[in-house]
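Chemist: Structure, please.
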Amino acid sequence: MAWFKKKTDEKPKEKKKGIPKGLWVKCNGCEEIIYGKELELNNRVCPLCQYHFKLNVLERINLIIDENTFIEYDKNVKSDDPLSFKDLKRYEDRLKSAKEETGLEEALVSGEGKINGHDAVICVLTFDFMGGSMASVVGEKIFRAVDRAIKKRFPVIIVSASGGARMQEGILSLMQMAKTTAVLAKLGKEKLPYISILTDPTTGGVTASFASIGDVIISEPKALIGFTGARVIEQTIGQKLPEGFQRAEFLLEHGMIDMVVERKDMKKTVAQILDFFKNRQ
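Modeler: Residues are numbered from 1 along each chain as shown. From the prediction side, this is the model:
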């Protein structure tokens, strides 16, 4: 009868431990599996196909700015909900979720620091915060940062990653296109350099304003850059677009940007450009 009795002295089986999150990462370019630590040590660039993964704000600042030199501007300037906008969710709720997920108050962080010893003002957009969309606060922070650069006689670097204007703020968001280009025109009149760095993706109203008017325009490899989607353009003009249309290499070939620079060389390249401008002032 012991055959039919449940044994109580058996030890419960241990649950199998899962693979820790982030230990292995699938590349979006070659679809190979990469060891997470190796990816981090390589500035989040695939060692097999050179696909550039997205960076958050802190990673981007650490990539370009000298260690322990960054001073943030306007940290407590926050977005409002002037239109009381609601689609599937209230705009207020979307902002709250974005803040909780990223630990940021807005899609753009601005400040000053040194780049291989050169003083500079830098603004960094992150796609993690509502697709890097350009809200009123984004335009205001760029305006204030450039205004400080003019007073301090510093060059300006803006790193873009954006889906365009923030629809929840309507015309107020679109007005930032004029606001940012106007203050950067003032920077140009003061003969202070502006370097625009485009990352994947840079689209919409950001591409149509401050991202495209740098004295030098740099892009990371294979970054998507354009105003509107390829499918919309094809439907509008009734033609098939060329292969690689709206990718950094295509834009370089057609004179829309000045250079395509790998992430590992970005800081050195920016510093060399600043050297060039400094020696001619």
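
Chemist: where exactly do the helices run in the protein?
Modeler: Here the chain has its helices, by DSSP state H, at 36-41, 57-64, 91-102, 136-152, 170-189, 204-207, 230-237, 248-253, 266-278.

Chemist: What residues sit buried inside the fourth one?
Modeler: This points to helix 136-152. Of the residues in helix 136-152, 136-146, 148-150 count as buried by neighbour count, 16 or more other C-beta atoms under 10 Å. For the C-beta atoms, the positions are set from N, CA and C on the backbone; glycine is no exception.

Chemist: Make a markdown table from the helices of the chain and add mean pLDDT to it.
Modeler: Output for those, formatted as a markdown table (pLDDT from 0 to 100):
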| stretch | mean pLDDT |
| --- | --- |
| helix 36-41 | 91 |
| helix 57-64 | 96 |
| helix 91-102 | 96 |
| helix 136-152 | 98 |
| helix 170-189 | 97 |
| helix 204-207 | 97 |
| helix 230-237 | 91 |
| helix 248-253 | 97 |
| helix 266-278 | 96 |
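
Chemist: Among those, which comes closest to residue 30?
Modeler: helix 36-41 (12.7 Å; C-beta to C-beta).

Chemist: Quick check: buried residues in the closest one?
Modeler: Neighbour-count burial for helix 36-41 [16+ other C-beta under 10 Å]: residue 39.

Chemist: check contacts around residue 176.
Modeler: The contact partners of residue 176, by C-beta atoms under 8 Å, 6 or more residues apart in numbering, come to 134-136, 138-140, 142, 165, 205, 209.

Chemist: which two from those end up farthest apart in space?
Modeler: 140 and 205 (15.1 Å).

Chemist: re earlier: comparing the helices of the chain, which comes out most buried?
Modeler: Ranked by mean neighbour count, the helices of the chain are led by helix 204-207 with a mean of 24 (mean count of other C-beta atoms under 10 Å).

Chemist: quick one: contacts of it?
Modeler: The contact list for helix 204-207 (C-beta under 8 Å, 6+ apart) reads 125, 132, 134, 160, 162-165, 173-174, 176-177, 225-228.

Chemist: Highest neighbour count among the residues you listed?
Modeler: Counting neighbours by other C-beta atoms under 10 Å, residue 134 comes out on top of the contacts of helix 204-207 with 31 neighbours.

Chemist: Enumerate every residue touching it.
Modeler: 107, 162, 164-166, 173, 176-177, 204-206.

Chemist: and what of residue 32?
Modeler: Contacts of residue 32 by C-beta under 8 Å, 6+ apart are 26, 46, 48-49.

Chemist: mind checking how far the closest residue to residue 87 other than its chain neighbours is from residue 77?
Modeler: Nearest residue to residue 87 in three dimensions, chain neighbours excluded: residue 168, at 7.6 Å (C-beta to C-beta, 6 or more residues apart in numbering). As defined by C-beta to C-beta, to the nearest Å, residue 168 lies at a distance of 17 Å from residue 77.

Chemist: got the domain boundaries for the chain?
Modeler: 21-53, 56-278 (automatic domain parsing).

Chemist: hmm, back to that, list the contacts of the residue nearest to residue 87.
Modeler: Residue 168 neighbours (C-beta under 8 Å, 6+ apart): 81, 83, 85, 87, 91, 94, 135.

Chemist: Flag the shaky bits of the stretch 1-150 of the chain, pLDDT-wise.
Modeler: Scanning the stretch 1-150 of the chain for pLDDT under 70 picks out the ranges 1-22.

Chemist: just the strands in it please.
Modeler: Ranges of strands within the stretch 1-150 of the chain are 24-26, 33-35, 71-73, 108-115, 118-125, based on DSSP state E, counting those that start in this stretch.

Chemist: Longest strand in the protein, please.
Modeler: The residue-count maximum for a strand in the chain (DSSP state E) belongs to strand 194-203.

Chemist: What is that one packed up against?
Modeler: Using 3 or more C-beta pairs under 8 Å, 6 or more residues apart in numbering; DSSP states H and E, the elements in contact with strand 194-203 are strand 156-162, helix 170-189, strand 216-219, strand 225-226, helix 266-278.
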